[in-house]
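[1] Have a look at this fold, sequence not included:
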Ligand SMILES: Nc1ncnc2c1ncn2[C@@H]1O[C@H](COP(=O)(O)OP(=O)(O)OP(=O)(O)O)[C@@H](O)[C@H]1O
């Protein structure tokens with residue numbers, strides 16, 4: 001897989017000839033990729049190909065078994081878990097399963113990364129309110145996660161990923177459980193973030209979503225197949 005050619009500037013995530021194995025044979029092998037600010041990528045591939053694993057390697061949840069992964073120029077294998085956690089605050093992750101705490105309100109869930117990193121949600125209440133408004137969630141601020149619709153959950157997961165103002169958004173199947181209209185709404189939010197200069201990577205099976213996105217934003221489509229990361233064909 002070639003490195004991204006034309007974007008100048010700092011590489012926020014760099015994977016160099018990495019492999020990853022959960023213990024058996026390699027799930028991913030000889031994978032290289034650089035992500036720059038302002039880039040937009042889709043990640044596709046069959047179920048079980050390793051898309052979630054790849055995203056975890058990008059944000060330092062997993063360390064490659066071979067090769068080097070760098071965040072902001074720093075080799076993850078040489079860093080402590082605490083240092084990785086600090087750097088990871090600059091990456092917003094939208095998890096496939098959303099992972100909310102059901103006893104906290106939606107607003108409290110979205111603010112949780114602030115609390116965890118020692119910042120005061122009260123001091124950033126305007127930021128929180130703006131973000132919830134932008135994601136169309138103001139009216140659901142006090143709702144508990146089990147009370148939310150699928151689309152509200154996905155937008156809340158995106159809002160939580162954005163509360164720390166990350167440079168990069170890695171979204172794992174962010175439109176997995178929503179209808180086409182909501183998929184388009186989520187895509188509009190993600191493309192707007194990209195226009196603000198953030199790097200976006202979306203793992204998805206939804207080829208219609210990719211085709212729609214390509215009419216709005218210059219996106220590269222990557223595919224994991226047979227353990228390798230490849231550029232997908234232009235027919236997508
Ligand atoms: N913690 C783990 N321990 C062992 N094997 C794992 C672990 N996590 C994932 N795997 C295996 O690695 C493979 C790739 O999983 P991964 O979730 O990365 O694929 P995926 O492409 O995201 O799949 P999907 O599209 O179904 O979400 C699967 O066979 C999965 O069972």
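    Thanks, I have it. Because the structure is predicted, anything quoted here is derived from the model rather than measured. Numbers count the residues shown, from 1 in each chain.

[2] if I look at residue 143, how far off is the ligand?
    27 Å (CB to the nearest ligand atom, to the nearest Å). (C-beta placed from N, C-alpha, C; glycine too.)

[3] The residue most central in space within the chain and the ligand: what is the separation?
    What sits nearest the mean C-alpha location of the chain, by CA atoms, centre = their mean, is residue 170, with 1.1 Å. Distance from residue 170 to the ligand, counting by CB to the nearest ligand atom: 12 Å.

[4] isn't that residue right next to residue 95, touching?
    No: applying CB atoms under 8 Å, one finds residue 170 not in contact with residue 95, separated by 9.4 Å.

[5] picking up where we left off before, which SSE is the residue nearest to the centre of the chain in?
    Using DSSP states H and E, residue 170 maps to strand 168-172.

[6] can you list the weak-confidence ranges in the protein?
    Residues of the chain meeting the criterion pLDDT under 70: 1-10, 234-236.

[7] Sketch out the strands for it, chain order is fine.
    13-20, 28-35, 40-44, 66-71, 74-75, 91-94, 168-172, 199-203, 220-225, 228-231 (DSSP state E).

[8] how about the helices in the chain?
    Assigned by DSSP state H, the chain shows helices spanning 51-58, 81-88, 106-116, 125-134, 150-162, 180-195, 207-214.

[9] Out of these, which is closest to the ligand?
    Proximity to the ligand, assessed across the helices of the chain by CB to the nearest ligand atom, is greatest for helix 51-58 (3.4 Å).

[10] If you count neighbours, what's buried in the closest one?
    Of all the residues in helix 51-58, those buried under the rule 16 or more other CB atoms under 10 Å are 51, 52, 53, 54, 55, 56, 57, 58.

[11] Ok, stretch 117-129 next?
    By neighbour count on 16+ other CB under 10 Å, the buried set for stretch 117-129 is 121, 124, 128.

[12] For the ligand, see how far away residue 42 is.
    Taking CB to the nearest ligand atom, one finds residue 42 at 13 Å from the ligand.

[13] The ligand contacts on the chain?
    When proximity is defined as CB under 6 Å from any ligand atom, the chain approaches the ligand at 22, 27, 45, 47, 48, 49, 50, 51, 52, 53.
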